[in-house]
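> give me the fold of what follows.
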Amino acid sequence: MIWASILLAIVVITALLAVSVPNIVYAILFLLCTNVSLGILYYMMGAPMVSVFQLAIFAGAIVVFFLITVILTRGGEAE
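As a prediction, this is how the structure comes out:
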């Protein structure tokens with residue numbers, strides 16, 4: 001029970017940091033932490049398949065897609 005509360009606090013804190021930091025790369029990394037923590041919470045609640053999809057799709061594919069987008073657009077710099 002205490003581990004679930006700690007992970008829930010991590011989810012809330014990293015989600016708030018993801019929407020409040022001005023640097024987009026840090027926001028993506030906080031989004032990664034949020035999704036990994038959610039995947040662990042799903043596994044602890046007895047849903048291992050949901051956990052696998054959370055980690056593979058959201059923590060893996062979408063975060064990598066966001067990072068590649070930032071790299072290819074040079075971080076949104078104005079020319």
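> ok, residues contacting the longest helix anywhere in the chain?
The residue-count maximum for a helix in the chain (DSSP state H) belongs to helix 24-44. With contact meaning CB atoms under 8 Å, 6 or more residues apart in numbering, helix 24-44 is reached by 3-4, 7-8, 10-11, 14-15, 17-19, 21, 48, 50-52, 54-55, 58-59, 62-63, 66-67, 70, 75-76. Placement of C-beta: from N, CA and C, glycine included.
> mind checking how far the residue lying closest to residue 18 once chain neighbours are set aside is from residue 36?
The shortest distance from residue 18 to any non-neighbouring residue, by CB to CB, 6 or more residues apart in numbering, is to residue 30 (3.8 Å). Per CB to CB, to the nearest Å, residue 30 is found 11 Å from residue 36.
> helices and strands of the chain: which one bottoms out on pLDDT?
Lowest on mean pLDDT, DSSP states H and E among the helices and strands of the chain sits helix 63-72, with a mean of 90.
> not counting its own residues, what contacts it?
Contact partners of helix 63-72, identified using CB under 8 Å, 6+ apart, comprise 24, 25, 28, 31, 32, 35, 76.
> relative to residue 2, how far out is the fourth one?
Spelled out, it's residue 31. Residue 31 is 25 Å from residue 2, by CB to CB.
> who's more crowded, those two?
For the pair residue 31 and residue 2, the greater number of neighbours falls to residue 31 (20 against 6), based on other CB atoms under 10 Å.
> what pLDDT does the more buried one get?
As predicted, residue 31 sits at a pLDDT of 94.
> residue 58 now?
Note on residue 58: pLDDT of 89.
> could you find the closest non-adjacent residue to it?
residue 35 (4.4 Å).
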